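**Q** Mind folding the following:
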Amino acid sequence: MGETSYCPKKFAVIGAGPVGGIVAAFLAKGGYDVTLCDIVPELLAPALEPGILLEGVDSFQARVTRTTTRVDDLLEDPPDVVFIAVKATALPLIASALEGFAGEGRYVVSWQNGIDTELELAQVLGPQAVLRGVVNFGCVPLSPGHIRLAFHHRPHYLQELDPQAKEAALGISRVLTDCGLDTQHTDQIADMVWRKSVMNACMNPMCAVTGMTMVEIINDPITFNLVDALIKEGIAVARANEFSLGSGYYPYAINYIKNAGNHKPSMLQDVEAKRRTEVDYINGKIVEYGKQAGIPTPYNSMIRGLVKALEPK
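**A** Just a heads-up that it's a prediction; the model follows:
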């Protein structure tokens with residue numbers, strides 16, 4: 001990791017679901033000032049007392065400094081860094097609420113699934129204030145403030161959108177690593193987003209429409225053939241748009257998802273909870289980029305439509 005003089009001390013995490021809870025817990029364990037923000041008070045209460053409880057491949061409990069149900073409260077005593085860990089569908093609203101946050105020494109990190117989430121934030125906050133992360137763990141909410149880490153494939157990755165914010169990306173990566181959430185700075189975040197999203201675009205929606213876990217999808221030859229077709233279609237779209245997935249990506253992706261365990265991905269959790277999903281930012285983006293490059297995307301178009309049909313109207 002490169003040298004940097006940027007040393008953030010105060011953090012906020014917007015989104016008290018499993019992804020936000022995990023980053024908040026690691027930062028709190030590291031001794032940092034952490035504000036956890038969510039519109040659902042029941043998700044926030046355990047974060048203060050007795051603390052966010054992680055179990056699975058990482059196990060510990062940590063209490064955040066404070067909680068709030070209002071993003072506006074973050075503007076009154078601004079943290080140095082805000083992690084966005086809400087569903088991508090909420091980004092326009094969150095970005096608008098944070099419009100007055102951006103300033104010298106203050107940054108917003110898209111710590112989310114999906115393609116182009118950082119661009120949604122940058123449209124409002126400006127690219128100099130926005131960074132993008134790629135997260136490599138799988139998690140399941142057991143109850144408010146209680147999260148199981150099904151797998152944790154370190155490291156995670158972070159990159160600034162504007163070169164002037166590189167010091168910030170290095171400093172935030174160092175803090176996360178010191179807290180145990182090992183994170184590396186990269187200059188290839190767009191490629192990494194696509195490497196992860198092509199895999200998300202097969203397992204997430206297949207589990208969502210069938211109700212099956214990842215292991216069940218892999219072990220069933222019929223559903224696995226559909227997963228295989230979605231992966232190959234995603235690879236074709238990524239390469240046609242000149243995103244570098246690297247040589248040997250296809251066997252890497254197959255091996256990765258086979259080792260994900262008996263896990264319910266977030267899109268299935270959303271369908272079961274009757275919430276909107278992130279399918280537009282995963283399969284929908286592959287369809288969008290496919291049209292841009294003249295690559296047909298029948299499998300992604302079909303699975304996106306099926307997931308949309310399951311979302312609340």
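**Q** For the rest of this, base every contact and every neighbour count on C-alpha atoms.
**A** Will do.
**Q** CA atoms of the lengthiest helix in the chain as PDB?
**A** If you go by DSSP state H, the chain has its longest helix at helix 189-210. Below are the C-alpha coordinates for helix 189-210, written out as PDB (Å, rounded to 0.1, in the frame of the first residue of the first chain):
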ATOM      1  CA  ILE A 189     -11.800  -0.800 -10.200                       C
ATOM      2  CA  ALA A 190     -14.100  -0.800 -13.300                       C
ATOM      3  CA  ASP A 191     -12.600  -4.100 -14.400                       C
ATOM      4  CA  MET A 192     -13.000  -5.500 -10.800                       C
ATOM      5  CA  VAL A 193     -16.700  -4.300 -10.700                       C
ATOM      6  CA  TRP A 194     -17.300  -6.200 -13.900                       C
ATOM      7  CA  ARG A 195     -15.500  -9.300 -12.700                       C
ATOM      8  CA  LYS A 196     -17.700  -9.400  -9.600                       C
ATOM      9  CA  SER A 197     -20.900  -8.300 -11.400                       C
ATOM     10  CA  VAL A 198     -20.800 -11.000 -14.100                       C
ATOM     11  CA  MET A 199     -20.800 -13.600 -11.300                       C
ATOM     12  CA  ASN A 200     -23.600 -11.700  -9.400                       C
ATOM     13  CA  ALA A 201     -25.600 -11.600 -12.600                       C
ATOM     14  CA  CYS A 202     -25.900 -15.300 -12.700                       C
ATOM     15  CA  MET A 203     -26.300 -16.500  -9.100                       C
ATOM     16  CA  ASN A 204     -28.300 -13.600  -7.600                       C
ATOM     17  CA  PRO A 205     -31.200 -13.700 -10.100                       C
ATOM     18  CA  MET A 206     -31.200 -17.500 -10.500                       C
ATOM     19  CA  CYS A 207     -31.600 -17.800  -6.700                       C
ATOM     20  CA  ALA A 208     -34.200 -15.000  -6.600                       C
ATOM     21  CA  VAL A 209     -36.500 -16.600  -9.100                       C
ATOM     22  CA  THR A 210     -36.200 -20.200  -7.900                       C
END
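**Q** In that helix, which residues are buried?
**A** 189-209 (16 or more other C-alpha atoms under 10 Å).
**Q** name the helices or strands packed onto whichever helix or strand comes after that helix?
**A** Proceeding N to C from helix 189-210, the next assigned helix or strand is helix 214-219, under DSSP states H and E. Where contact means 3 or more C-alpha pairs under 8 Å, 6 or more residues apart in numbering; DSSP states H and E, helix 214-219 is packed against helix 189-210, helix 221-240, helix 249-258.
**Q** how about the ones you listed in JSON lines, adding distance to residue 164 and mean pLDDT?
**A** Formatted as JSON lines, these follow (distance: least, C-alpha to C-alpha, whole Å; pLDDT from 0 to 100):
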{"stretch": "helix 189-210", "distance to residue 164": "16", "mean pLDDT": "96"}
{"stretch": "helix 221-240", "distance to residue 164": "28", "mean pLDDT": "97"}
{"stretch": "helix 249-258", "distance to residue 164": "32", "mean pLDDT": "91"}
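**Q** For the chain, give me the ranges with low pLDDT.
**A** Across the chain, residues meeting the criterion (pLDDT under 70) sit at 1-2.
**Q** residues making contact with stretch 177-190?
**A** The contact list for stretch 177-190 (C-alpha atoms under 8 Å, 6 or more residues apart in numbering) reads 1, 23, 26-27, 29-30, 132-134, 154-159, 169-170, 173-174, 176, 243.
**Q** at 7 Å what do you get?
**A** Stretch 177-190 is contacted by residues 1, 26-27, 29-30, 154-159, 169-170, 173, 176 when judged by C-alpha atoms under 7 Å, 6 or more residues apart in numbering.
**Q** In ChimeraX, how would I select just the buried ones from the residues you listed?
**A** Buried residues within the contacts of stretch 177-190, by 16+ other C-alpha under 10 Å, are selected in ChimeraX with:
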select :26,27,29,30,155,156,157,158,159,169,170,173,176
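**Q** Just want the most central residue of this structure.
**A** The chain has residue 112 as the residue nearest its centroid, 2.1 Å off, counting by C-alpha atoms, centre = their mean.
**Q** could you measure it against residue 293, distance?
**A** Distance of residue 112 to residue 293, given as C-alpha to C-alpha, to the nearest Å: 25 Å.
**Q** and if you look at residue 262?
**A** Distance from residue 262 to residue 293, counting by C-alpha to C-alpha: 36 Å.
**Q** same deal with residue 102?
**A** 35 Å.
**Q** Of the two, give the one with the bigger neighbour count.
**A** residue 102 (20 against 15; other C-alpha atoms under 10 Å).
**Q** Now the more buried one. Its backbone dihedrals?
**A** Backbone geometry at residue 102, expressed as degrees, to the nearest 10, gives phi -60, psi 140.
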